[in-house]
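**Student:** below: sequence and its predicted model.
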Amino acid sequence: MTIWQADFYKYPSSNTEKNIDWELLICDQKGKIIVQENCLQSQVNSAWLVNQLLPLITKEKPEKIQVFRLQSLNLLTLASKELNIPIEATRQTSALKKILTQRHPDWQNSLKLDQPPPLPLPENLWGEQWRFATLPAGDIVDFFRDRPIPYLQLPETRWPINLGIASNRPISGIIIYGGRQSRYLAQWLDSINPVSLHYIPTDVEQAGGLILESGLSDRWVLLTFKDQETTNNAKIFETRKKESQNLHFLLVQPDDSGMTYTGFWLLQNES
């Protein structure tokens, strides 16, 4: 599958402070640059993008184009629709962000999207119980990819073996036992496109919560707790994430029988 990662962003031109240039940068998932073109503010529209993309897709048409920046999304969506190329809004564009950081060090802050305050999880989706858990890195893909799980997010770019993570490394995660709400919770989670989980301490580190980041910039209060034991486990959760390149998981199942799984998401922190 050929996947492109694209950014179309305006930045101050070195020629004049009032003049604004835009840069179109497209690469593949391995970081190979496909196109890098500039245009003036007065030229910016979807037609200009179509003219840049059309010669490229006659050679090799991608399965989809990934876009991480909200400001780029609308124009690239219009152009891609005309060319019949699906657009995926996702933060997981590490190859593109690496190129942008190397070529434009002063753009570093622009790669971090504005984040709104976290919203509470809809009350009708709360599960019955939850717990921290770990899975051996070497078991994750083989265990989950061939199971009949209705909602499964297991991208190859996050497979532990592809990240060079040792097979015996414990990968931390969260298991939610949803009971009768299991299907509805997993369906909702899948619709918001989960990205990562973060422990946020409060009340002198004796309470806190887990924030779920999703989509391009959305944030949700997934879980809260007030006891010291859970707080300690949350700290261990964060430590293990750092030890495994921020790889972690979210698993939803009806109960703890281990017979049925409703949703599994292999997650990784990314700005």
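**Tutor:** Arrived safely, thanks for sending.
**Student:** let's verify Gln92: helix, strand, or coil?
**Tutor:** Secondary structure state of Gln92, per DSSP: H, G, I helix; E, B strand; the rest coil, is coil.
**Student:** residue contacts, it?
**Tutor:** Gln92 makes contacts with 66, 68, 155, 157, 195, 268, 270, as judged by CB atoms under 8 Å, 6 or more residues apart in numbering. No exception for glycine: its C-beta is placed from N, CA and C like everyone else's.
**Student:** continuing past the helix or strand containing Ser80, what's the next helix or strand?
**Tutor:** Using DSSP states H and E, Ser80 sits within helix 70-83. Read in the C-terminal direction, the helix or strand following helix 70-83 is strand 87-89, with elements assigned using DSSP H and E.
**Student:** what packs against the very next helix or strand once past that next one?
**Tutor:** Scanning the chain past strand 87-89 towards its C-terminal end, the next helix or strand to appear is helix 94-103 (assignment: DSSP H and E). In this structure, helix 94-103 makes packing contacts with strand 3-12, strand 20-28, judged by 3 or more CB pairs under 8 Å, 6 or more residues apart in numbering; DSSP states H and E.
**Student:** list the buried residues for helix 94-103?
**Tutor:** 94-97, 99-100 (16 or more other CB atoms under 10 Å).
**Student:** show me where pLDDT drops low in the stretch 1-150 of the chain?
**Tutor:** For the stretch 1-150 of the chain, the stretches flagged by pLDDT under 70 are 1, 12-20, 106-113.
**Student:** give me that answer again for 80
**Tutor:** For the stretch 1-150 of the chain, applying pLDDT under 80 flags the ranges 1, 11-20, 103-116, 123-124, 127.
**Student:** run through the residues that contact the nearest residue to Trp22 once chain neighbours are set aside.
**Tutor:** Using CB to CB, 6 or more residues apart in numbering and skipping residues adjacent in sequence, the residue nearest Trp22 is Lys10, 4.8 Å away. Contacts of Lys10 were listed using CB under 8 Å, 6+ apart, and they are 20-22, 41, 44, 71.
**Student:** ok, and the most crowded of these?
**Tutor:** Trp22 (20 neighbours; other CB atoms under 10 Å).
**Student:** show me what that one is bridged to.
**Tutor:** Here Trp22 sits in beta bridges with Lys10, Cys39, going by DSSP bridges.
**Student:** what's near enough to touch it?
**Tutor:** 8-11, 38-41, 43-44.
**Student:** tell me the one of the residues you listed nearest Gly173?
**Tutor:** Distance to Gly173, by CB to CB, is smallest for Tyr9 among the contacts of Trp22, at 33.9 Å.
**Student:** is it true that that closest one touches Leu70?
**Tutor:** No. In terms of CB atoms under 8 Å, Tyr9 does not count as a neighbour of Leu70; the distance is 10.8 Å.
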